[in-house]
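[1] Provided below for reference: sequence and predicted model.
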Amino acid sequence: MLKHCVFLSLRSPADMAAIDEAMDLLQGLVEKIDGMTGFACGPNRDFENKSSDYPFGFVVDFTNREAHLAYERHEDHLKAGTLLVAACRGGHEGIFVADLDCG
């Protein structure tokens, strides 16, 4: 299983409307992509005070790399990515991604 973990450094709180639209697009992919088994998003509570630059994030679960590749190519993911880049500090530089191989 792969966990695609994404954290966003937003330009301003006003950018949350674009984030909400992007999250809706990504959530909808669970029903459209075989092997995309879960999606969760929300504010980063940063209880350990280590990631305050990234106040929001999301995690996507995939059964395998092939499902992840289908997600990367899907038009809804591409549209969501455009929204996220526009809303993040420094564009794509304001997006931290970690893909965890969970066996």
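    Thanks, I have it. Residues are numbered from 1 along each chain as shown.
[2] pull the helix or strand with minimum mean pLDDT from this protein.
    Every helix and strand of the chain was ranked by mean pLDDT, DSSP states H and E. The lowest is helix 16-28, at a mean of 95.
[3] now the helices for the chain?
    In the chain, the helices defined using DSSP state H lie at 16-28, 65-73, 75-87.
[4] quick one: the first one to helix 75-87, angle?
    Using axes from the mean of the first three to the mean of the last three CA atoms, to 10 degrees, the interaxial angle of helix 16-28 with respect to helix 75-87 works out to 160 degrees.
[5] starting at the chain centroid, how far to helix 16-28?
    Taking CA atoms, centre = their mean, to the nearest Å, the mean C-alpha location of helix 16-28 is offset from the chain mean by 9 Å.
[6] buried stuff in that helix?
    Within helix 16-28, the residues that count as buried by 16 or more other CB atoms under 10 Å are 18-19, 22-23, 25-27. Just so you know, the C-beta spots here come from the backbone N, C-alpha and C atoms, and that holds for glycine as well.
[7] for these, give me a markdown table that also has distance to D34.
    Shown next, in a markdown table, are the buried residues of helix 16-28 (distance: CB to CB, whole Å):
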| residue | distance to D34 |
| --- | --- |
| A18 | 28 |
| I19 | 26 |
| A22 | 22 |
| M23 | 21 |
| L25 | 18 |
| L26 | 16 |
| Q27 | 16 |
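[8] how long is stretch 53-72 end to end?
    Taking CA to CA, to the nearest Å, the first and last residues of stretch 53-72 lie 25 Å apart.
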